[in-house]
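Novice: Quick one, what's the 3D model for this:
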Amino acid sequence: MGGIDLARRAACALLTGVIEEHRTLSEQIAGGALDGLSPPERARAQRLAQTTLRNLPRADAMLKPHLRKSPPPDLRALLRLAVIELCAEDAAPHGVVNAAVSLARAGGQRTEGFTGLVNAVLRKVAEARPAWDSLPPPALPGWLRGRLMSAYGKVAVQRMEAAHLASAPIDLTAKGDPAALAARLGGTLLPTGSVRLAPGAHVTDLPGYAEGDWWVQDAAAAMAARALAPRAGEKVLDLCAAPGGKTLQLAAAGAEVTALDISAPRLARLRENLERCGLRARTVAADALDWQPEGHFDAILLDAPCSATGTIRRHPDLPHVKDAAGIKALIALQAALLDRALTWLAPGGRLVFVTCSLLPEEGERQIEAALTRHPGLRCTTIDLPGIEPGWITPTGGLRLRPDYWPDLGGMDGFFIASLTFTR
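Specialist: You can find the predicted model right below:
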């Protein structure tokens, strides 16, 4: 390729796909955007794209004084990526500028005529590098920021935005003793029982991966199955189960698990994870609004489809591909799934409702509405190790936010409610 950096080129293409075509990174990667790259190149391309998306307004602030007009999309992606390497990653200016010029020259009619501009602008950005550190964290999109300001206040939202700017660490759930896993991998045992790895860890290279001793799962996500507290021999339904982190937790506890998801390809990935970890569960590909089980369940975990606004620190492409258009439909779907799942509970059974959303409409208010619809429904206060009193909502649900645990590296945003139903 004549010295062209393939990872940089792929990262630029990913950025253009997100910003111009409104396609998520995972969608592009599943569609083959990184095919042909080596594993290190794939990892580097993803990291560069994610870091650029996380810092996009800051990159634009560094570029603005040196551009008289907005550059074409492909050139803008290249410049933004180079700014991130110069400022966020403190890469050597000479190498970054030369690589960017080479990419521009190899980009055909869309960029080859701008090599002089790329060279001049990036050299000026490198000289202005000290200004980077004083730039504020990027603000959330207006449709989301307004809702969160109403729910949590300005200071809390600013803290969340600061948390989004920091990259998300890798958390693991142990099949066995989490303290032993933390010691084995040199990780940190979090108060809730998850193990947090040091930055830069390559998951598949770590001891115990091939043997299925652990799996990757954000600490906040892992709390949902712990709130359900499955017992050996119980019949448990994991509803909307893929990719399966919670299924693995339930199966590891000895429960008889049925994992249901509407996506057959995602269930295939779940089965791969079960096999790797030496765990068993029945998998069903079906629409939960049409499917009917043969009997009742002792416990149900409903990880309902949602806006995923609680995972922005992990998926910085989301603010660029999502808006408020689908929120009402998601809220209606969550309510329908919850109402249907309640009919499948055995007497004395329990249901944990989960969304990875920061929006109260998909959490606190969803449960308040369900309690009104079902007079026999009760929300029991979640009591888990590591949970702080301020995280518990007035109805007893658990509100988790990315600005929590600031000294430990944060967590994803989740809402979790534990319900019992008396007909």
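
Novice: my read: Gly295 touches Lys235, true?
Specialist: Yes. Contact criterion Cβ atoms under 8 Å: Gly295 and Lys235 qualify, at 7.4 Å. Heads up, the C-betas are built off the backbone N, CA and C, glycines and all.

Novice: Compare the two (neighbour count), which wins?
Specialist: Ranked by neighbour count (other Cβ atoms under 10 Å), Gly295 and Lys235 place Lys235 first, with 18 against 7.

Novice: can you pull up the bridge partners for that one?
Specialist: On the basis of DSSP bridges, Lys235 is bridged to Glu256.

Novice: do you know how far it is from Leu135?
Specialist: Distance, Lys235 to Leu135, by Cβ to Cβ, to the nearest Å: 53 Å.

Novice: part of a strand, is Ile416?
Specialist: Yes. Counting by DSSP: H, G, I helix; E, B strand; the rest coil, Ile416 is located in a strand.

Novice: ok, now which ones touch it?
Specialist: Ile416 sits next to Met223, Ala224, Ala227, Val352, Phe353, Val354, Ile382, Gly397, Leu398, Leu400 when contact means Cβ atoms under 8 Å, 6 or more residues apart in numbering.

Novice: Among these, name the ones in helices.
Specialist: Met223, Ala224, Ala227 (DSSP state H).

Novice: now the residues you listed: which count as buried?
Specialist: Applying a neighbour-count criterion of 16 or more other Cβ atoms under 10 Å, the buried members of the ones in helices among the contacts of Ile416 are Met223, Ala224, Ala227.

Novice: Just send those back as JSON lines, with distance to Leu81 and pLDDT too.
Specialist: Formatted as JSON lines, those follow (distance: Cβ to Cβ, whole Å; pLDDT from 0 to 100):
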{"residue": "Met223", "distance to Leu81": "36", "pLDDT": "97"}
{"residue": "Ala224", "distance to Leu81": "36", "pLDDT": "97"}
{"residue": "Ala227", "distance to Leu81": "41", "pLDDT": "97"}
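
Novice: Quickly name whichever of the residues you listed is closest to Lys124.
Specialist: Ranked by distance to Lys124 (Cβ to Cβ), these are led by Met223 at 47.2 Å.

Novice: gap between the closest one and Arg269?
Specialist: Between Met223 and Arg269 the computed distance is 22 Å (Cβ to Cβ).

Novice: What is the burial count for Leu260?
Specialist: Neighbour count for Leu260, taken as other Cβ under 10 Å: 21.

Novice: Now that we have the contacts of Ile416, can you turn them into TSV and tack on distance to Leu117?
Specialist: Output for the contacts of Ile416, formatted as TSV (distance: Cβ to Cβ, whole Å):
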residue	distance to Leu117
Met223	50
Ala224	50
Ala227	55
Val352	55
Phe353	53
Val354	49
Ile382	56
Gly397	53
Leu398	51
Leu400	45
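
Novice: Among those residues, which ones are in strands?
Specialist: Val352, Phe353, Val354, Leu398, Leu400 (DSSP state E).

Novice: Report the contact partners of the third one.
Specialist: In other words, Val354. Neighbours of Val354 in contact, by Cβ under 8 Å, 6+ apart: Ala224, Leu301, Leu302, Asp303, Ala304, Phe414, Phe415, Ile416, Ala417.

Novice: which residues are contacting the helix or strand hosting the second one?
Specialist: For Leu301, the host element (DSSP states H and E) is strand 297-303. With Cβ under 8 Å, 6+ apart as the test, strand 297-303 has contacts from 224-225, 228, 230, 234-241, 246, 250, 255, 258, 337-338, 341, 344-346, 349-356.

Novice: Verify the stated contact: Ala341 with Leu351.
Specialist: Yes. Under the criterion of Cβ under 8 Å, Ala341 makes contact with Leu351 at 6.0 Å.

Novice: Hmm, Pro207 and Arg184 touching each other?
Specialist: Yes. Counting by Cβ under 8 Å, Arg184 touches Pro207, with 6.6 Å between them.

Novice: Compare these two (neighbour count), which wins?
Specialist: More neighbours surround Arg184 than the other of Arg184 and Pro207, with 16 against 11 (other Cβ under 10 Å).
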